[in-house]
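Student: have a look; sequence and predicted model below, questions after that.
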4 protein chains.
Amino acid sequence: MRLDASANGVFPISATPFADDGALDLDSAARLTDFYLGHGATGLTILGMMGEAQKLSPEESSAFMKVVLDRVAGRIPVVVGVSNPGMSAMVALAHEAMAAGAAGVMVAPQPSLKTEEQLTGYFAAVCAALGPDVPVVLQDFPLVLGVHFSVPTLEAIFARHLQIVMLKHEDWPGLSKLSRLRRGEAERGTRRLSILVGNGGLFLPQELARGADGAMTGYAYPEMLVEVVNRTRAGDIEGAEDVFDAHLPLIRHETQPGLGLAIRKEILRRRGAIASAHVRAPGPKLDALDHVELDRLMDRLEKRLAAIRRS
Amino acid sequence: MRLDASANGVFPISATPFADDGALDLDSAARLTDFYLGHGATGLTILGMMGEAQKLSPEESSAFMKVVLDRVAGRIPVVVGVSNPGMSAMVALAHEAMAAGAAGVMVAPQPSLKTEEQLTGYFAAVCAALGPDVPVVLQDFPLVLGVHFSVPTLEAIFARHLQIVMLKHEDWPGLSKLSRLRRGEAERGTRRLSILVGNGGLFLPQELARGADGAMTGYAYPEMLVEVVNRTRAGDIEGAEDVFDAHLPLIRHETQPGLGLAIRKEILRRRGAIASAHVRAPGPKLDALDHVELDRLMDRLEKRLAAIRRS
Amino acid sequence: MRLDASANGVFPISATPFADDGALDLDSAARLTDFYLGHGATGLTILGMMGEAQKLSPEESSAFMKVVLDRVAGRIPVVVGVSNPGMSAMVALAHEAMAAGAAGVMVAPQPSLKTEEQLTGYFAAVCAALGPDVPVVLQDFPLVLGVHFSVPTLEAIFARHLQIVMLKHEDWPGLSKLSRLRRGEAERGTRRLSILVGNGGLFLPQELARGADGAMTGYAYPEMLVEVVNRTRAGDIEGAEDVFDAHLPLIRHETQPGLGLAIRKEILRRRGAIASAHVRAPGPKLDALDHVELDRLMDRLEKRLAAIRRS
Amino acid sequence: MRLDASANGVFPISATPFADDGALDLDSAARLTDFYLGHGATGLTILGMMGEAQKLSPEESSAFMKVVLDRVAGRIPVVVGVSNPGMSAMVALAHEAMAAGAAGVMVAPQPSLKTEEQLTGYFAAVCAALGPDVPVVLQDFPLVLGVHFSVPTLEAIFARHLQIVMLKHEDWPGLSKLSRLRRGEAERGTRRLSILVGNGGLFLPQELARGADGAMTGYAYPEMLVEVVNRTRAGDIEGAEDVFDAHLPLIRHETQPGLGLAIRKEILRRRGAIASAHVRAPGPKLDALDHVELDRLMDRLEKRLAAIRRS
């Protein structure tokens, strides 16, 4: 299974589970994979930023990747994040991933890149180094990376490198960017890529209306992302947005930079998907007040979902 | 009327209205002031960042300030943003504001400040230059300014300068920061300041639970901010959060950096508070799709508010 | 006298002199203008960043500009820095400057601009707002502004706006950028602009070798900049570099961010060009040790220059 | 041999040599170590930023470290850079280094750290994780890391963690910072640390005058750094500065961000210290013009050194 530009639906960004002492927890990795599969994921992304990839040794990355790919067993495409300051390390992981059954790799630009000419050059070098057979997801995440792509630059990169089949879109604000990319396809015949949105899903209904194909993000209730996408496709726009709005207080809560990952892992733990909410050091920890606050937000979510089901 | 540490409630950050050709629109300034007064504002803040203060000439700032202060006529305290790269220009505007009837001034740190020692020094210089009789609001807004305050640094600054009576809190994430400041007062006897929250109100219920005294932000439905604060005070925590959640899709929509100001002014225009949604160049403009999207979000808000009123 | 693309030589970036109490010192403004004229300046630039333009009121900017333009009396072209967060304030100052006899204006991009498409759009808006009769210098200064131009972006901007006649080049590193721009003219027939270099002159000999037309920078010994340019033109490359190298310890000393301005003004004061080295608050101050260090560096410079003259 | 606060002299930051195809070149690693030893290094630092540590696999880091430590054979202390986004990877490398004979480790703060309270917390966590027996060099390099330490923050960190025995000082501007740290020791009895300066040595004479104990930087002529330190200690201040000034054009040339590493490796190659100037991708490459420019600067250096020797 190779990723191509028709990919759509929901590709959760997988957390990487650790034990309370920080050791990689491969049992939870398997359980978490089942969790995503069981909640309707149409794909899966591992070793992304929210997967604390930077804090794993190469051996840990390999071990985690193997467990996930084995568990998925080809049922859905798995994208592996391979961003790395060094090109050779990126290529090594990418080739290992593809050999192990990954559907494609995700690459974010290095934060040292400044001009768009540098970005164009960087992705040319990345594609050449990976070889044309590795499908690539380009991650556009200015808030964290400090790297900014304009629409013309993205279009130029996409035109040159057919192996880039998907854009992970998490510019902020980025709604008009999405519309411009889709308009380019309609009006100027630019190549159509799959666009999955990130940012915790914070603008998912608006983004679907503007032409996104789905979501690639780590919100701890992936079934919401799936339901919003499915209802939207089925034409139930209001229903999709009702479900989304019920979750919005918690989505917003999870998009807090840094801290959001700790909240997300705690929800996954509460939901039984992983054994520990541990985030590797240096990283955030929830205190007693954070837990109380999360109790309330999860309670209120349950009540609103129940009300929607009743109505 | 002088601002002091007992200030609370809702201080809207006022937009600055322009005509379609960019000229300062003083008629709308008066109308907008009435709008804020009519929706329950307990104070008002003008010439902040969302007020496009940087794009006003000194004469325009004075004229706008005069209209607002005249219209308010002492009914509520008015805070004037005076942040400026030059100390003498800051002092001149601050003294002019106080003489014209302002209750205090708001100062954000200059983006060139890096270490917390520099921040401490900066606010010492600001307070000395303003003189002890000018009440000061310290604005803590790292996302836009790139300047970061830790809790100990804020406490040190507050301990030294009694004229700083309010913190405009818009760190992100900043919930635990708020709790730590309040815990310091309870456990270590640090001076209690008024804390009003910004960030478009995106975390208002959580922030009120953690000890905020209200909001100082520009969300285009200030009556929501007022209702959430009032219900919370009256002990109706769930009711407050229901109202808040109804608005959250639109709050989120307005917190888009840059673009959010254009959305906010357009809502104010639709609500009759100002004649034109014009944002001064260089600045964002809404396109047709943005308007359709906003139509939907405003419609859905109306329906949800109606449902709350019925229930 | 209108600035055009044939401009060359040395355009000192003028300091703005203040009295010890921070008041604008117009007597020193006249004296400083004479100093630049007397040391061979072929042009002059006022109200740039090193001129503390952000800390002047509009009235002060006008007064200072008037004194300088009167003193220059048309003998050399004067460029006026007009960068401003608001477009209308920029245009007002630019038109006032041109009416008062300026040869052109200098515009730096606003720090909020991120993508090169935004930069292209910004300079289109600036040129439209200024009108085609105002010659423009584009300032490319990433270290301070955080805004990055690639060569293709600069070429695209220059191709569209003939009124942009000069590039103030202070990218770092920027040597290959300069060569690429000149190669574009030779090989692809792009329009030739005047390129004057900034960065305190830190790479002046290398930049002249790569096609720069001179320097636009504030080093406190403008006669060195003039001599290096003149010797280079006369073919005395080694002699030019000998003079430059003699100054390099002090050039390096002046390029310290922030502090460099205080050093520069102190040297100008010691050389009799201005009455006080005062930098407006918030700004750096030299301490006793800084003065001793500067004594040594200036002494050593004098000895090396004497040795060059003897040889 | 354990690093302590009496360390002084010159600790070159070692390059990491690669073959033209990017493979780690361990023969050159041995040769380069001999080069540093032969030019009077009193210590050596490996796997720093200029050592492209981020682009090495853990296995490559180990292999390179082993070759260098074997070659040094205990003659001088070797510091190993261990900065890492993950704490456990940092600790693993640090303990491996100490077991292999390193004298200490160097730690830079992660770029995500913003407030000084976070910095204090980070170094507390690092010291706890490393254990008290690992001597630590704290790297203060704001230009590249975007992390800023004030003097009080550094003093607080040093007071709490006796195992931090050295400051690698490369703030810019940072001269007064150095003086304040030394003044603190003299006037307030703060603990004296070794301070070695970086920034390519760009301010070495001024920094030695202000109390630095030497240099830790990668300038490709380490014998200059050694001579400047030795002459200064012997009281030959003018002679030290004469030698320094002769090198300054090339020092300045090497301090160009990014490109400077390619220049440095090319000089090391020309001097016979390494077989190839290859910088791992993504990274800078010199073009023909860059080589010509470097020829000139190296020629001029030779002539000036010859003149100094004659005089």
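Tutor: Arrived safely.

Student: only C-alpha atoms for contact and neighbour calcs from this point on.
Tutor: OK.

Student: what residues does chain A have near chain B?
Tutor: Within chain A, the positions adjacent to chain B are A:Trp172, A:Pro173, A:Ser176, A:Gln206, A:Asp245, A:Leu248, A:Pro249, A:Gln256, A:Pro257, A:Gly258, A:Leu259, A:Glu293 by CA under 8 Å from any CA of the partner chain.

Student: quick one, what contacts A:Pro222?
Tutor: A:Val10, A:Pro12, A:Tyr36, A:His39, A:Gly40, A:Ala41 (CA atoms under 8 Å, 6 or more residues apart in numbering or on different chains).

Student: just the pLDDT for it.
Tutor: pLDDT recorded at A:Pro222 is 98.

Student: quick revisit: may I ask which of the residues of chain A next to chain B has the most neighbours?
Tutor: The most crowded member of the residues of chain A next to chain B, judged by other CA atoms under 10 Å in any protein chain shown, is A:Pro249 (23 neighbours).

Student: can you tell me which residues contact that one?
Tutor: A:Pro249 neighbours (CA under 8 Å, 6+ apart): A:Leu297, B:Asp245, B:Leu248.

Student: look up how far A:Pro173 lies from it.
Tutor: Per CA to CA, to the nearest Å, A:Pro249 is found 19 Å from A:Pro173.

Student: now do A:Ser179
Tutor: For A:Ser179 relative to A:Pro173 (CA to CA), the value is 12 Å.

Student: show the contacting residues for the closest residue to chain C within the stretch 151-300 of chain A.
Tutor: Among the residues of the stretch 151-300 of chain A, A:Pro152 lies closest to chain C, at 7.7 Å counting by CA to the nearest CA. With contact set as CA under 8 Å, 6+ apart, A:Pro152 has these partners: C:Glu117.

Student: surely it forms part of a helix?
Tutor: Yes - per DSSP: H, G, I helix; E, B strand; the rest coil, A:Pro152 lies within a helix segment.

Student: quick check: the gap between it and A:Thr190.
Tutor: 11 Å.

Student: quick one on the thing from earlier: can you tell me which of the contacts of A:Pro249 are in helices?
Tutor: A:Leu297, B:Asp245, B:Leu248 (DSSP state H).

Student: surely the first one touches A:Ile251?
Tutor: No - here A:Leu297 lies out of contact with A:Ile251, judged by CA atoms under 8 Å, at a distance of 10.2 Å.

Student: between these two, who's got more neighbours?
Tutor: More neighbours surround A:Ile251 than the other of A:Leu297 and A:Ile251, with 22 against 16 (other CA under 10 Å).

Student: and the angle for whatever helix or strand the more buried one lives in with helix B:237-254?
Tutor: According to DSSP states H and E, A:Ile251 maps onto helix A:237-254. Put simply, helix A:237-254 runs at 100 degrees to helix B:237-254, going by axes from the mean of the first three to the mean of the last three CA atoms, to 10 degrees.

Student: show the average pLDDT along helix A:237-254.
Tutor: Helix A:237-254 comes out at a mean pLDDT of 98.

Student: do the same with stretch A:24-43
Tutor: Stretch A:24-43 comes out at a mean pLDDT of 98.

Student: pLDDT wise, what is A:Met1 at?
Tutor: Looking at A:Met1, the pLDDT reads 87.

Student: which ones are touching it?
Tutor: So A:Met1 contacts A:Gly74, A:Pro77, A:Gly101, A:Ala102, A:Ala103 (CA under 8 Å, 6+ apart).

Student: any chance of CSV for those, columns neighbour count and pLDDT?
Tutor: Below are those laid out as CSV (neighbours: other CA atoms under 10 Å in any protein chain shown; pLDDT from 0 to 100):
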residue, neighbour count, pLDDT
A:Gly74, 13, 98
A:Pro77, 24, 98
A:Gly101, 21, 98
A:Ala102, 28, 98
A:Ala103, 24, 98
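
Student: nearest to chain C among these?
Tutor: Using CA to the nearest CA, these come closest to chain C at A:Ala103, 31.1 Å.

Student: tell me the SS of the nearest residue in space to the closest one that is not next to it in sequence?
Tutor: Excluding the flanking residues, the one nearest A:Ala103 by CA to CA, 6 or more residues apart in numbering or on different chains is A:Arg2, at 4.3 Å. Going by three-state DSSP, the secondary structure assigned to A:Arg2 is coil.

Student: before we move on, what about A:Gly74?
Tutor: Going by three-state DSSP: A:Gly74 is coil.

Student: so it versus A:Ala100, what's the distance?
Tutor: For A:Gly74 relative to A:Ala100 (CA to CA), the value is 11 Å.

Student: repeat for A:Ala19
Tutor: 25 Å.

Student: chain C contacts on the stretch 51-200 of chain A?
Tutor: So the stretch 51-200 of chain A meets chain C at A:Lys114, A:Thr115, A:Glu116, A:Glu117, A:His148, A:Phe149, A:Ser150, A:Pro152 (CA under 8 Å from any CA).

Student: now list the buried members of those.
Tutor: Listed as buried from those are A:Lys114, A:Thr115, A:Glu116, A:Glu117, A:His148, A:Phe149; burial here means 16 or more other CA atoms under 10 Å in any protein chain shown.

Student: and the fifth one, what does it touch?
Tutor: Contact analysis of A:His148 by CA under 8 Å, 6+ apart lists A:Lys114, A:Glu116, A:Asp140, A:Phe141, A:Pro142, C:Lys114, C:Thr115.

Student: 6 Å - rerun?
Tutor: A:His148 makes contacts with A:Pro142, C:Thr115, as judged by CA atoms under 6 Å, 6 or more residues apart in numbering or on different chains.

Student: adding pLDDT and secondary structure, write the buried ones among the residues of the stretch 51-200 of chain A next to chain C out as JSON lines.
Tutor: As requested, these are exported to JSON lines (pLDDT from 0 to 100; DSSP: H, G, I helix; E, B strand; the rest coil):
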{"residue": "A:Lys114", "pLDDT": "91", "secondary structure": "coil"}
{"residue": "A:Thr115", "pLDDT": "94", "secondary structure": "coil"}
{"residue": "A:Glu116", "pLDDT": "91", "secondary structure": "helix"}
{"residue": "A:Glu117", "pLDDT": "95", "secondary structure": "helix"}
{"residue": "A:His148", "pLDDT": "97", "secondary structure": "coil"}
{"residue": "A:Phe149", "pLDDT": "97", "secondary structure": "coil"}
